[in-house]
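Asks: no sequence on hand, only this structure:
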């Protein structure tokens, strides 16, 4: 399996540990605190976080998601959701796969809101889209094998981040895929299905659904067929772990187009997607004396300045 270099980060409102434990219980994964706020020296707006978890890692079927323990400034929204491919080859047949979908749906429904009810659709015999109580959106889909699928073929990846292009980014999914796949090695576009006719804000030929790969990891993208008030923001960001300063510089120069969004390694690209461009040894750097204070002063992260 390709090492995961791009880690989705979910913004939590002071409840990252609770959310991590919840997701671990829903998906049978693991949850662990990987960093804590310093006890002293925090800026005034973070003083209440002294000693508390700053990030929590959740691992689900080998896929990592990081939960950021912060305030109420942002909340996840459906512009970046997580597609769950419930593949009968992974779960022991179609009946077991459907039962697993029902089980996950039931748990995510606790305090959550169904965006598309769980039922049969033209694109899937069993599918539903739900926003859980923490604001995170999940698309549950029964994966159907094609006639050409070999029984020895690997099951579809269980979790795939899915970008929904809406508002100012409407009808730009193809452009974004071309741009992103040009930035990372082991990347490329996959299957793309276009809208056969205009639907809501989507034009004929816009992306109804597309698969692509970044740094060996599966992603998906869609142009929205419904008007929505939500936009890409820091509620869900994409953290890229870089091998050296040269890679940080290259990706930062390509991705950062909103100067006011730059802080502590965070930036926003021309579509509005939030990225964190960080060194792969961030944990080691943050263990250095005064590292947190140094980081808070940076926009692009400079390894030599930690």
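Replies: That came in fine, so what should we check first? The structure displayed is predicted, hence computed values, not measured ones. Residues are numbered from 1 along each chain as shown.

Asks: ok, residue 30 touching residue 58?
Replies: Yes: Residue 30 lies in contact with residue 58 (CB atoms under 8 Å); the separation is 7.2 Å. From N, CA and C alone the C-beta is placed, and that goes for glycine too.

Asks: between these two, which one's more packed in?
Replies: residue 58 (23 against 13; other CB atoms under 10 Å).

Asks: before we move on, back to that, joint contacts of residue 30 and residue 58?
Replies: Counting by CB atoms under 8 Å, 6 or more residues apart in numbering, the common neighbours of residue 30 and residue 58 are residue 24.

Asks: so where's the chain shaky on pLDDT?
Replies: For the chain, applying pLDDT under 70 flags the ranges 1-2, 145-152.

Asks: go again using 80 as the cut-off
Replies: The chain contains residues with pLDDT under 80 at 1-2, 145-153.

Asks: name the residues that touch stretch 81-94?
Replies: By CB under 8 Å, 6+ apart, stretch 81-94 touches 8, 65, 96-98, 100-101, 104, 129, 136-143, 145, 151, 153, 155-162, 164, 220.

Asks: what's the end-to-end length of it?
Replies: One end of stretch 81-94 sits 24 Å from the other (CA to CA, to the nearest Å).

Asks: show me which residues of that stretch are buried.
Replies: By 16 or more other CB atoms under 10 Å, the buried positions in stretch 81-94 come out as 81-91, 94.

Asks: which of the residues you listed sits closest to residue 292?
Replies: Using CB to CB, residue 82 comes nearest to residue 292 of those, at 29.6 Å.

Asks: partners of that closest one in the sheet?
Replies: residue 138, residue 161 (DSSP bridges).

Asks: how much space separates it from residue 39?
Replies: 34 Å (CB to CB, to the nearest Å).

Asks: swap in residue 64?
Replies: Taking CB to CB, one finds residue 64 at 27 Å from residue 39.

Asks: list the strands paired with the helix or strand hosting residue 32, with their directions.
Replies: Assessed by DSSP states H and E, residue 32 sits inside strand 30-36. Applying DSSP bridges to the sheet, strand 30-36 is found paired with strand 53-60 (antiparallel).

Asks: any idea which helix or strand comes after the partner strand?
Replies: The element immediately downstream of strand 53-60 (helix or strand, assigned by DSSP H and E) is strand 63-70.

Asks: that next one - contacts with which helices or strands?
Replies: Helices and strands touching strand 63-70, by 3 or more CB pairs under 8 Å, 6 or more residues apart in numbering; DSSP states H and E, are strand 6-13, helix 16-27, strand 53-60.

Asks: and the longest one, how far from the chain's centre?
Replies: Computed by CA atoms, centre = their mean, to the nearest Å, the chain-centroid distance of helix 16-27 equals 16 Å.
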